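Asks: Below is the sequence, then the predicted model.
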Amino acid sequence: MKITYIAHSGFLAELEHTLLLFDYYQGELPAFPGDKELFVFASHRHPDHFNPDIFRLAEGRENIFFVLSHDIWKSRVPEGQKDRTVHLKAGEEWSRSGVMVKTLRSTDEGVAFLVQAEEKTLYHAGDLNDWRWDGEEEDWNRRMAEKFRRYIEPLRGVRMDAAFVPLDPRQEEHYSLGLDYFLTLADYRNPREGAEKIYPMHCWDDYGIIERWLSEHSDSPAADRIVRILGRGEAFIQ
Ligand SMILES: [Zn+2]
């Protein structure tokens, strides 16, 4: 499987027969081999996760399908693409041509995606994260942590090949709360558990945040599973 980091939370996973594009909103798109079926995911309608330009990928292409969160307005879907589009709510399951999708509820808008295709399992968090902010009411932050732990619970014990998880420098010292909790959902001392590779995302082009996590968690058994992304357009084979 080849994974290309596009920008922000945008990634392309290229499998033998299938292409999975997540949360594209800007950046250079890699080439999409025409013979592979392209599934385009958008976790919610915020402009850093959903760009209506994705529908232009259907120009000259029949084997494409759009998997959108329910909060993305149906009116944004061009008439000609409506029969190639599904809107999913949280907690739904959906499948097509061997690609199986489960959705988790987000602590922000929309959903997170757990996708199985060609024996691979991928998780894309969207904005499902522990959004603790200095300056918010303590009660709000506490409820956020509770919701986050509840919404992400379906991932406990799930073996994943790739997980795309927020690491957001705007949260300052709370930047890794979501990722750190995610890592408690499996035993990372066991190489067969948890996510094989974890791609930090939602970094606002500040990739030093990944180095910061690695230096602050050098004793973590998951440290070698964290992918060091250095910039847009980088590709990883796994
Ligand atoms: Zn976002």
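Replies: Structure received.
Asks: just for the protein, where's the confidence low?
Replies: In the predicted model of the chain, no residue satisfies pLDDT under 70.
Asks: which residues in it form strands?
Replies: Listed in chain order, the strands of the chain (DSSP state E) span 2-7, 10-14, 18-22, 37-42, 64-69, 85-88, 93-96, 99-105, 111-117, 120-124, 160-166, 195-201, 235-237.
Asks: how about those strands in TSV, adding mean neighbour count and distance to residue 228?
Replies: Where C-beta positions appear, they are placed from N, C-alpha and C, glycine not excepted. Converted to TSV, these look like this (neighbours: other CB atoms under 10 Å; distance: least, CB to CB, whole Å):
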stretch	mean neighbour count	distance to residue 228
strand 2-7	20	11
strand 10-14	23	15
strand 18-22	24	19
strand 37-42	23	24
strand 64-69	22	29
strand 85-88	18	32
strand 93-96	12	33
strand 99-105	19	26
strand 111-117	24	23
strand 120-124	22	19
strand 160-166	24	14
strand 195-201	22	9
strand 235-237	12	10
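Asks: possible to save those strands as JSON lines with distance to the ion?
Replies: Shown next, in JSON lines, are those (distance: least, CB to the ion, whole Å):
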{"stretch": "strand 2-7", "distance to the ion": "12"}
{"stretch": "strand 10-14", "distance to the ion": "11"}
{"stretch": "strand 18-22", "distance to the ion": "12"}
{"stretch": "strand 37-42", "distance to the ion": "11"}
{"stretch": "strand 64-69", "distance to the ion": "12"}
{"stretch": "strand 85-88", "distance to the ion": "18"}
{"stretch": "strand 93-96", "distance to the ion": "23"}
{"stretch": "strand 99-105", "distance to the ion": "16"}
{"stretch": "strand 111-117", "distance to the ion": "12"}
{"stretch": "strand 120-124", "distance to the ion": "12"}
{"stretch": "strand 160-166", "distance to the ion": "8"}
{"stretch": "strand 195-201", "distance to the ion": "9"}
{"stretch": "strand 235-237", "distance to the ion": "22"}
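Asks: Give the burial count for residue 97, as a bare number.
Replies: 11 (other CB atoms under 10 Å).
Asks: what residues are up against it?
Replies: For residue 97, the contact set (CB atoms under 8 Å, 6 or more residues apart in numbering) comprises 18, 37.
Asks: Which strand residues bridge the residue most central in space within the chain?
Replies: Note on the chain: the residue nearest the mean C-alpha position is residue 124, at 2.2 Å, using CA atoms, centre = their mean. For residue 124, the beta-bridge partners are residue 113, residue 164 (DSSP bridges).
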